Structure formats: C-alpha cells, structure tokens
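# predicted coordinates and the sequence they were generated for:
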Amino acid sequence: MTSPEPANANASDAAAAKEPTQLRVLSGIQPTGRFHWGNYFGAIRQYIDLQHAGDAYYFIADLHALTTVREPEVLRSFVREAALDLVALGLDPKRATLFVQSDVPEVTELTWLLLTVTPMGLLERCHAYKEKKAKGLPADAGLFTYPVLMAADILAYDANTVPVGDDQVQHVEVCRDLAGTFNHLYGEVFTLPKARVIETAARVPGTDGQKMSKSYDNTIQVFEEPGKLKKKVMRITTDSRPMEAPKDPETDHLFELYRLMASAEETAAMAETYRRGGFGYGEIKKALHAAAEQFFAEARTRREALAADPATIDGILEEGAARAREQATRVLDRARAACGLSRGRGDR
Ligand code: ADP
Ligand code: TRP
C-alpha cells in the first residue's frame, strides 16, 4: 500500500484504457466533520486516483451540509479543513478542479430548472428523506430535494462519471432520470452521467468493529492529533479469545485496518503472526499505530505547510471556482435557452 500522494501513472493508464470516451469525473463530499479513515479509504483515495484518468471536478458540498450543520462558524471551519485535507492527501489542483459548491451559484439556478421536471414520487422514494421520515424525524424541503441539487451538481459540469459509495448510486440514477426527462422535453441539453461505484476491499471498520462513521462515534481522523491517535488506536475493541490461540486474520478488524496502511510484506508477516497465535493485541495495536503514523506522515507534513499559508488554499479554491463557474455557465445557458428563458448572462 502506498502513502497518499498523486497516484502512479500505471493505475491511471489502466483506468483510462477501459473507458471508450474521454472521462469527465465529478464528485462531491460533504463537510460535515473532519475526514476519517473510512472517508479516505472509501472515497478520497479513489478521487485522487481518478484525477489522472480524465478531467476531474471535485467539490466540497457545503450546500448539502447546510441540511445538517447549523452553526455557521462550524460549517466555515469544516469547509476549510476539508480543502486543506484534500490537497494534503494528494488532490492536485493543477490536475483536478477543486472548489466549494456554493461558490458556483449557477448550480442553484439549475436546481430550479430541474425541480420543475421532478416528480414528487421520485423524491419520496429517495433514501435520505425516506429514512428520516421512517424514524418519525421532521424533514425539511432541503433534505427532500437534496437529490435534485445533487443532479444539478453533476449536470452543470457535463460529468459522465461519478465516483460514489453505494449509498449514493440511487441519487445518480435520479440525476439520469431528470436529465433524460429534460432532454426529452427540450432537446439534448444534458450529458447523462453514470455512477462508478467505489469498490473498497472492505468497509473500513471503526474503533468498535462496526462500519466507521461519524454517526457511530467510532472514527479515527486522518489528521488526528498525535496523542489522540495513539489513544484511539489503543482503545480499539478486541475480542476476548485467549491470546495463545491462533486466529484467522481475515475476520479481525484490527488486521483489516492494519492491511490498509502497512506494506505487502508487513501485512503478510502480520497475517502469519495471527495464524501462529501467542501474540497480544497490545502489540498489534502498536504496529497499527506505527503503520498509520507512517502512512499519513508525508500528507501531515504537507498539511502543516498548507495550513500555515492560508493564501495558497484561498487561491486554489478561487481558481477552482472560476473554472467551475465557466463550465457551469455554459451548461446553464444551454438549459435556459432550451426551456424558453432569456439566453444567459449576457442577455440578462
Ligand atoms: P459518515 O458515515 O462518517 O457520515 P459520509 O457519509 O460523509 O461518512 O461519507 C463520505 C464518503 O466516505 C462516502 O462516499 C462514503 O461511502 C465513504 N465512507 C464513509 N465511511 C466509510 C467506511 N467506514 N468505509 C468505506 N467508505 C466510507
Ligand atoms: N450527496 C453526496 C454525499 O452525501 C455528496 C454530493 C453532493 C455528491 N453532490 C454530489 C456526490 C454530486 C457526487 C456527485 O456523499
């Protein structure tokens, strides 16, 4: 396993070779907290790999996060931290366009055009809203129409490839549906996108062994403060089998985490240790801690330098927003003209 940094050319060549057309990749990630190992190994790492395979647009979905984060200062800080994390982890602003969703107001206008062709029933079936409703929790119209904003995010950049976790596939399907309806009514305005499901070897387990997630309070952040990192790793739950008994590494969440960050040789040696038995979990946690520290060490150094120089990240986001707006304006103008509104910015 290699440390986070721009992916090697071989991986990207392989990805590009499988695709018949030029890839236009787009994905968004919500700034609802600091990124954890699950976010990195489940999503961010693949975004970084794909920046070598075609045009790539990645954004921090602050408008979507508004449906859950209600403190302005907290949201502002999560957005900034997310940008620093992504660049430190290897997202290269020269290769990929990195921007903040709300810096492109064209997308919210496009959302309205799409809302006018969105059947209520389609949104009623979408899981974010459905699950909240099933739990008897109050849902707002923002959450209800969330998939339409997401559709506008995708269509505004003529994206054809949307890397997402399997929980987001339904939303990309909604996007295809809406784009198809709009095109049927008004002509070929939008590019129909496809989801590219991120196949992670395993769902990254959290400190309690279940899926790592902010909602389960079992996360380890990518840039966890060093003392905290150690504490969290040492507190990962383990089973109560006697230490002498040989164990199957494949069924152990400590091993699953170790494998993500250790080299192939280290992983093979650790698997052997499990099968031999007679080891203590404390030793394994120490090895995991060391592997994690090393795996993210370079990214951590890059992040410290970036954080100390706010103008750099500001510049990256400004430039990203300008590039994104240019693209989104072209698509919005096309959509406005097609459905009978005045043509575009110049005409208004
Ligand atoms: P959380 O569950 O902590 O709220 P999000 O839903 O914001 O995380 O996840 C953002 C992205 O990270 C999604 O694409 C999701 O599929 C991925 N992801 C989150 N947790 C994990 C995990 N434990 N294993 C693999 N991927 C994950
Ligand atoms: N809804 C996505 C999530 O919660 C984030 C997102 C917003 C997104 N807009 C998008 C993902 C467009 C892909 C494409 O993870």
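Great, that's in hand. Ligands and ions are numbered 1, 2, ... in the order given.

# run through who's touching stretch 311-330.
57, 59, 80, 83-84, 87, 93, 97-100, 103-104, 106-107, 110, 156-158, 306, 344-345 (Cβ atoms under 8 Å, 6 or more residues apart in numbering). (Each C-beta comes from the backbone N, C-alpha and C, glycine too.)

# give me the buried subset of those residues.
57, 59, 80, 83-84, 87, 93, 97-100, 103-104, 106-107, 110, 156-158, 306, 344 (16 or more other Cβ atoms under 10 Å).

# still on that earlier bit, inside strands: which ones of the contacts of stretch 311-330?
57, 59, 97-100 (DSSP state E).

# among the residues you listed, which one sits closest to ligand 2?
Phe59 (7.4 Å; Cβ to the nearest ligand atom).

# list the beta-bridge partners for the closest one.
Phe59 has the following beta-bridge partners by DSSP bridges: Gly28, Phe99.

# that one reaches Val100, doesn't it?
Yes: taking contacts as Cβ atoms under 8 Å, Phe59 lies within contact range of Val100: 6.5 Å.

# quick revisit: which of the ones in strands among the contacts of stretch 311-330 lies closest to Ile29?
Phe59 (7.9 Å; Cβ to Cβ).

# next up, the contacts around that closest one.
Neighbouring residues of Phe59 by Cβ under 8 Å, 6+ apart: 26, 28-29, 98-101, 104, 153, 320, 324.

# could I get those residues as JSON lines with pLDDT and distance to Arg125?
Formatted as JSON lines, the contacts of Phe59 follow (pLDDT from 0 to 100; distance: Cβ to Cβ, whole Å):
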{"residue": "Leu26", "pLDDT": "98", "distance to Arg125": "24"}
{"residue": "Gly28", "pLDDT": "97", "distance to Arg125": "21"}
{"residue": "Ile29", "pLDDT": "97", "distance to Arg125": "24"}
{"residue": "Leu98", "pLDDT": "98", "distance to Arg125": "32"}
{"residue": "Phe99", "pLDDT": "98", "distance to Arg125": "30"}
{"residue": "Val100", "pLDDT": "98", "distance to Arg125": "30"}
{"residue": "Gln101", "pLDDT": "98", "distance to Arg125": "24"}
{"residue": "Val104", "pLDDT": "98", "distance to Arg125": "28"}
{"residue": "Asp153", "pLDDT": "98", "distance to Arg125": "20"}
{"residue": "Gly320", "pLDDT": "98", "distance to Arg125": "33"}
{"residue": "Ala324", "pLDDT": "98", "distance to Arg125": "30"}
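
# isn't Ala307 up against Leu84?
Yes: counting by Cβ under 8 Å, Ala307 touches Leu84, with 5.7 Å between them.

# count of residues packed around Gly280?
The number of residues packed near Gly280 is 10, by other Cβ atoms under 10 Å.

# can you tell me the helix or strand for the residue lying closest to it once chain neighbours are set aside?
Counting by Cβ to Cβ, 6 or more residues apart in numbering, Met243 is the residue found nearest to Gly280 once chain neighbours are left out, at 5.5 Å. Under DSSP states H and E, no helix or strand contains Met243.

# spell out which parts of the stretch 201-348 of the chain neighbour ligand 1.
203-204, 211-215 (Cβ under 6 Å from any ligand atom).

# among those, name the ones in helices.
Among those, no member falls in helices (criterion: DSSP state H).

# list only buried entries from those residues.
Among those, the ones that count as buried (16+ other Cβ under 10 Å) are 203-204, 212-213.
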